[in-house]
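[1] Make a model of this:
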Amino acid sequence: MDLRKDFFDILLEMAKKDKDIILLIGDLGYSFYERFQKELPDQFINAGCAEQNMIGVAAGLALGGKKPLVYSGSIFLASRGHEFIRDDVAYNNLNVKLIATGASGFLGWSHNWQNGENEFDLLKNLPNLYLYFPESKEELSRVLKNDGASFIRL
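    Residues are numbered from 1 along each chain as shown. Model (predicted):
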């Protein structure tokens, strides 16, 4: 089940009620995030293809009392951003939600996992980081409302 549209619908309603919610995008999600960007431009950041930096920015926002959500491909968040997730988010138990697209790293012919790795293997031992794999809009809505460091794969 593809939960990307549901994610943006749920998030838009949450963010309209809570100005501390900030969405950071890794230069993807076209045709899904435009409504959020248009309606809440002050709560939207397109950081480009820079997952490590985006996670660092999200950690800083969380330390400042904001509620950041980082949206990018699962392979880029879990693999490229691993050190930043570990050091900046998990060790500090920050309220940062990492929203990952691409089931077990599949994003097409050019960005697949190698040797059977997956995001669960990379992240399962990090302290304070909850891993969620929602399978319905209702489950997704519940996990988005949880506080704390979270990795949510859509």
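
[2] Distance from the lowest-mean-pLDDT helix or strand in the chain to the middle of the chain?
    Least confident element among the helices and strands of the chain, by mean pLDDT, DSSP states H and E: helix 74-75 (a mean of 82). Centre-to-centre, helix 74-75 and its host chain are 10 Å apart (CA atoms, centre = their mean, to the nearest Å).

[3] what about the protein, any weak spots by pLDDT?
    Filtered on pLDDT under 70, the chain yields the residue ranges 29, 103-117.

[4] Break down it into its strands, ranges please.
    Using DSSP state E, the strands of the chain run over 21-25, 44-46, 67-73, 97-101, 129-132, 149-153.

[5] Need the winner for burial among the ones you listed.
    Mean neighbours per residue, mean count of other CB atoms under 10 Å, is largest over the strands of the chain for strand 97-101, with a mean of 27. Any C-beta I mention is one placed from the backbone N, CA and C, and that applies to glycine too.

[6] helices and strands around that strand, which ones?
    Where contact means 3 or more CB pairs under 8 Å, 6 or more residues apart in numbering; DSSP states H and E, strand 97-101 is packed against strand 67-73, strand 149-153.

[7] Dump these into CSV; add distance to residue 32 as well.
    Below are the helices and strands packed on strand 97-101 laid out as CSV (distance: least, CB to CB, whole Å):
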stretch, distance to residue 32
strand 67-73, 9
strand 149-153, 15
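
[8] Determine which of the ones you listed approaches residue 2 most closely.
    Closest to residue 2 of those, according to CB to CB: strand 149-153, at 12.0 Å.

[9] what sits up against that closest one?
    74, 77-78, 85, 89-90, 93-101, 103, 119, 123, 128-134, 140, 143-144 (CB atoms under 8 Å, 6 or more residues apart in numbering).

[10] re earlier: among the helices and strands packed on strand 97-101, which comes closest to residue 40?
    Nearest of the helices and strands packed on strand 97-101 (CB to CB): strand 67-73, 12.2 Å.

[11] What strands line up against the closest one, and which way round?
    Next to strand 67-73 in the sheet, as set by DSSP bridges, lie strand 21-25 (parallel), strand 97-101 (parallel).

[12] so can I have JSON lines of those strands showing distance to residue 51?
    Listed next are the strands paired with strand 67-73 as JSON lines, based on distance: least, CB to CB, whole Å:
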{"stretch": "strand 21-25", "distance to residue 51": "10"}
{"stretch": "strand 97-101", "distance to residue 51": "9"}
